[in-house]
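In: Fold the following and give me the result.
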Amino acid sequence: MVTVDCRGQACPIPVLRTKEALSSIEEGVITVIVDNKASRENVKRFAQKEGCSVEVEERDGLFYIKITKGRAAKGEEKVEEEKSKTSEKQRPTVLIASSYVGEDPQLGKILIKGFIKTFLNADPMPEKIILINTAVKLACQGADKEILSALKELSKKGVEIICCGTCLEYFRLLDQLEVGVASNAYDVVQSLVNANSVIRL
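Out: Take a look at the predicted model:
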């Protein structure tokens with residue numbers, strides 16, 4: 001049995017580590033340990049969406065999430081049906097218009113990092129990520145290393161990173177772009193109007 005200890009880990013790390021552990025086995029049991037209710041619910045929902053059975057036990061302020069993975073419970077036919085549905089999923093375009101998410105800048109910076117890193121595990125991954133306004137700073141020298149690393153990895157995996165050229169010029173960052181391409185308003189608009197769907201962060 002595999003044990004994944006996620007005590008002290010912030011969102012979305014417990015879910016990502018659970019995903020990694022489940023991907024490493026064809027069938028069997030893993031136990032994920034978390035120390036807060038939000039992580040308990042996130043891991044539980046993720047495992048159930050993956051077709052696994054889940055049991056949760058609370059001991060000494062910790063949650064032990066027992067996840068059982070196996071084809072027997074789902075049936076071969078359902079597994080093939082799910083694979084077919086996955087292949088039909090349309091890849092969205094993501095529009096990011098700020099270097100943080102929401103009203104509070106401090107919380108927003110934590111959130112934008114979490115979202116961008118989590119896109120690496122999205123199914124399907126975005127087709128394009130468009131950065132405008134202060135969001136272009138996320139793709140330039142001096143940006144948060146984890147965000148830059150995630151954007152570079154997304155680019156390697158085929159996600160097109162598009163940065164507003166006007167915005168880069170405004171912030172004098174054209175020669176400091178680390179990942180993606182400096183684009184123009186026309187290309188940005190065309191990417192948006194031709195997208196299967198647009199997610200705005």
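In: rest of the way, CA atoms for contacts and neighbours
Out: Will do.
In: what residue ranges in the chain are flagged as low confidence?
Out: In the predicted model, the chain carries pLDDT under 70 at residues 71-88.
In: who's in contact with stretch 126-139?
Out: Stretch 126-139 is contacted from outside by 91-100, 119, 143-144, 147-148, 151, 158-164, 167-168, 173, 177-180, 188, using C-alpha atoms under 8 Å, 6 or more residues apart in numbering.
In: Need the phi and psi values for residue 120.
Out: In terms of degrees, to the nearest 10, the main-chain angles of residue 120 are phi -60, psi -20.
In: Distance of it relative to residue 193?
Out: For residue 120, the distance to residue 193 equals 24 Å [C-alpha to C-alpha, to the nearest Å].
In: Would you mind telling me which of the two has more residues around it?
Out: residue 120 (19 against 10; other C-alpha atoms under 10 Å).
In: How about the contacts made by that one?
Out: By C-alpha under 8 Å, 6+ apart, the contact set of residue 120 is 150, 153-154.
In: go again using 7 Å as the cut-off
Out: Residues near residue 120 by C-alpha atoms under 7 Å, 6 or more residues apart in numbering: residue 154.
In: Then residue 158?
Out: Contacts of residue 158 (C-alpha under 7 Å, 6+ apart): none.
In: try residue 151
Out: Listed by C-alpha under 7 Å, 6+ apart, the contact partners of residue 151 are residue 179.
In: Which strand or helix spans it?
Out: For residue 151, the host element (DSSP states H and E) is helix 145-156.
In: Mind listing what's buried along that helix?
Out: For helix 145-156, the neighbour count (16 or more other C-alpha atoms under 10 Å) marks 147-152, 154-155 as buried.
In: Which residue is the nearest non-sequential neighbour of residue 27?
Out: Distances taken as C-alpha to C-alpha, 6 or more residues apart in numbering put residue 70 closest to residue 27, at 4.4 Å, once the chain neighbours are dropped.
In: those helices in this protein, which residues are they?
Out: Per DSSP state H, the chain carries helices over the ranges 13-23, 37-49, 71-74, 76-87, 105-118, 145-156, 165-170, 185-193.
In: how about those, which one is nearest residue 1?
Out: helix 13-23 (10.8 Å; C-alpha to C-alpha).
In: Buried ones in that closest one, by neighbour count?
Out: For helix 13-23, a neighbour-count test (16+ other C-alpha under 10 Å) marks 13-19, 21-22 as buried.
In: Which residue lies nearest the spatial centre of this protein?
Out: In the chain, the residue lying closest to the centroid (C-alpha atoms, centre = their mean) is residue 118, at 1.8 Å.
In: Residue 150 versus that residue, what's the distance?
Out: On the measure of C-alpha to C-alpha, residue 118 and residue 150 end up 9 Å apart.
In: domains in the chain, as residue ranges please.
Out: In terms of domains, the chain is parsed into 2-87, 93-200 (source: automatic domain parsing).
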